[in-house]
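# show me how the following folds:
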Amino acid sequence: MTNMSCLERRFRRTAPVRGSSRNELVTAPLHSRVNGWSLPLHVLQLLAWLMYSFMAIVGFGVYIPLLPPPWNYIAYGVIGTAFLLHLLTHLAAVTVDPADHNVQLRKDYSSPMPVFDKKKQPHVIHNQHCYLCEVDVGPKVKHCGSCNKCIADFDHHCKWLNNCVGRKNYWLFFMTVLSAVFGVLLLVVVILFIFIEHFVNPANLRLAAAFQSVKENGTWLAFLPLAPVQTSSASLLILAFITVIVALASLLLLCHLLVFHVYLLCKGMSTYEYIMKQRQLQSCRDQGGGATQQTRSEASAQSLGPLDMSIDCDAPLSSRSSIFKYKDRGQMSSELSGSICSEMEHFPQAANGENPPNYGSKASSQIIPGEASVSWRPSRVESPQVLQQSSSGRHSQAEGHPIVQSPLGTSIIDTTVVHQQLIQ
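The predicted model follows:
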């Protein structure tokens, strides 16, 4: 285990503790990525450029030219600025190398470097030193497994840019998202206006000089004014519907991302720090939930208390001949157990220490082998509370009469009737 000292630099992550050489901590060596243009390109990166191209062609080639002046010039200027800003910031965020300064001074991207294996070690940076890049790094640096290098003030690895987002390109990334939201939102407003105006006042959309040569009202022109192309009214509306759906889906993702990063900026934390904090909170919730469940189980066990499953006064009864079933035990079992045992203490003892065979004024009944056993209720009742409880329900019997439980149920029957039936 690596020795740690309070006088050393800030301890941030666990040092490699498995294996004696750094090659045991990594997989096969690969080239580190320079920026977002390094191969292989991510599919989301290609999808982002495809969406940008589609929005730009449809917006500036089909719908903005249909706006009446001077709104068409205003749309060209405002939406064009948003799309141009997005293009520049997007290109810059992808092209910038976000690696730490010490990594850029030492790293040779032409030579392969071992790749960190998370299955063998959770962290590669210990005490602000990267064991793979072999350089000292800053306090907020993290070694990205996708780029295979240390990123200065690491925020997250963006698949849409195919590049890491850190200190060097974070604001470029933020402006990329902000300009995309602004531009797509304005484009949706323009397309909705044209869609509604097409049914309300289509002549207001046919003010361009090229429409003077078009005789039919159902024919529309696209890519005005440089390369007019005729198209049908249905095609124009279908394309508008598809564009709005795609734009709204893009806005949903972009607005969620923008609001999230505005929240992070207000909190003064990065995406990585936010994720680590959420994982710690979730771990605390899981541990707290397990402790709460265990506490509830212990509390319920204490509230139930131990169940006395037998009424035993040195003469155990069989399970078939027990007077009370399991569902009838609970409160009455403990009371009957205490009362019967206390009553039997008042009976005279024989010389050999055993009770005499006859407890009542009448002769005891014969216990037939194989049948239900007979129990006797004593004729002397010392506790009036026990007598009051035993007088209710099916447990009340005449004084001195033997009682027995039917082996097929919980009812109590007279043993004299049973004996007569057996003789017959």
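
# what ranges do the strands span in the stretch 101-250 of the chain?
Applying DSSP state E, counting those that start in this stretch to the stretch 101-250 of the chain gives strands spanning 125-126, 129-130, 135-136, 142-144, 149-151, 156-158, 163-165, 219-222, 229-232.

# shouldn't residue 153 be in contact with residue 164?
No. The pair residue 153 / residue 164 is not scored as a contact, 10.4 Å apart, by Cβ atoms under 8 Å. Placement of C-beta: from N, CA and C, glycine included.

# which one of the two has more residues nearby?
residue 164 (28 against 18; other Cβ atoms under 10 Å).

# give the contact list for the more buried one.
Applying Cβ atoms under 8 Å, 6 or more residues apart in numbering, we find residue 164 in contact with 98, 144, 146-147, 151, 154-158.

# mean pLDDT and distance to residue 32 added to the strands of the stretch 101-250 of the chain, as JSON lines?
Converted to JSON lines, these look like this (pLDDT from 0 to 100; distance: least, Cβ to Cβ, whole Å):
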{"stretch": "strand 125-126", "mean pLDDT": "84", "distance to residue 32": "16"}
{"stretch": "strand 129-130", "mean pLDDT": "88", "distance to residue 32": "12"}
{"stretch": "strand 135-136", "mean pLDDT": "90", "distance to residue 32": "13"}
{"stretch": "strand 142-144", "mean pLDDT": "91", "distance to residue 32": "9"}
{"stretch": "strand 149-151", "mean pLDDT": "93", "distance to residue 32": "5"}
{"stretch": "strand 156-158", "mean pLDDT": "96", "distance to residue 32": "13"}
{"stretch": "strand 163-165", "mean pLDDT": "97", "distance to residue 32": "11"}
{"stretch": "strand 219-222", "mean pLDDT": "92", "distance to residue 32": "46"}
{"stretch": "strand 229-232", "mean pLDDT": "92", "distance to residue 32": "47"}
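
# what's the closest of the ones you listed to residue 253?
Residue 253 lies closest to strand 156-158 among the strands of the stretch 101-250 of the chain, at 12.6 Å (Cβ to Cβ).

# which other residues reach that closest one?
144, 146-147, 163-165, 173, 270-272.

# that one: partners in the sheet, and parallel or antiparallel?
Partner strands and pairing direction for strand 156-158 (DSSP bridges) are strand 163-165 (antiparallel).

# low-confidence ranges in the stretch 201-350 of the chain?
Within the stretch 201-350 of the chain, the stretches with pLDDT under 70 are 290-292, 295, 297-350.

# which parts of the stretch 151-300 of the chain are helices?
With DSSP state H, counting those that start in this stretch as the criterion, the stretch 151-300 of the chain has helices at 170-200, 233-267, 271-304.

# of all those helices, which lies closest to residue 105?
helix 170-200 (21.3 Å).

# and the closest one, what does it pack against?
Where contact means 3 or more Cβ pairs under 8 Å, 6 or more residues apart in numbering; DSSP states H and E, helix 170-200 is packed against helix 43-58, helix 71-95, helix 233-267.

# let's go with 10 Å and repeat that
helix 43-58, helix 71-95, strand 156-158, strand 163-165, helix 233-267 (3 or more Cβ pairs under 10 Å, 6 or more residues apart in numbering; DSSP states H and E).

# now the first one and helix 71-95, what's the angle there?
Meaning helix 43-58. Going by axes from the mean of the first three to the mean of the last three Cα atoms, to 10 degrees, helix 43-58 is angled at 160 degrees with respect to helix 71-95.

# buried residues in helix 43-58, which are they?
For helix 43-58, the neighbour count (16 or more other Cβ atoms under 10 Å) marks 45, 48, 51-52, 55-56, 58 as buried.

# tell me the angle of it relative to helix 233-267?
Using the same axes, to 10 degrees: helix 43-58 against helix 233-267 is 130 degrees.

# hey, which of the helices and strands packed on helix 170-200 is tucked in deepest?
For the helices and strands packed on helix 170-200, the stretch with the most neighbours on average is strand 163-165, a mean of 28; neighbours defined as mean count of other Cβ atoms under 10 Å.

# still on that earlier bit, need the overlap of contacts for residue 153 and residue 164.
By Cβ atoms under 10 Å, 6 or more residues apart in numbering, residue 153 and residue 164 have these common neighbours: 98, 142.

# thinking again about what came up before, out of the strands of the stretch 101-250 of the chain, flag the one nearest residue 249.
strand 156-158 (18.6 Å).
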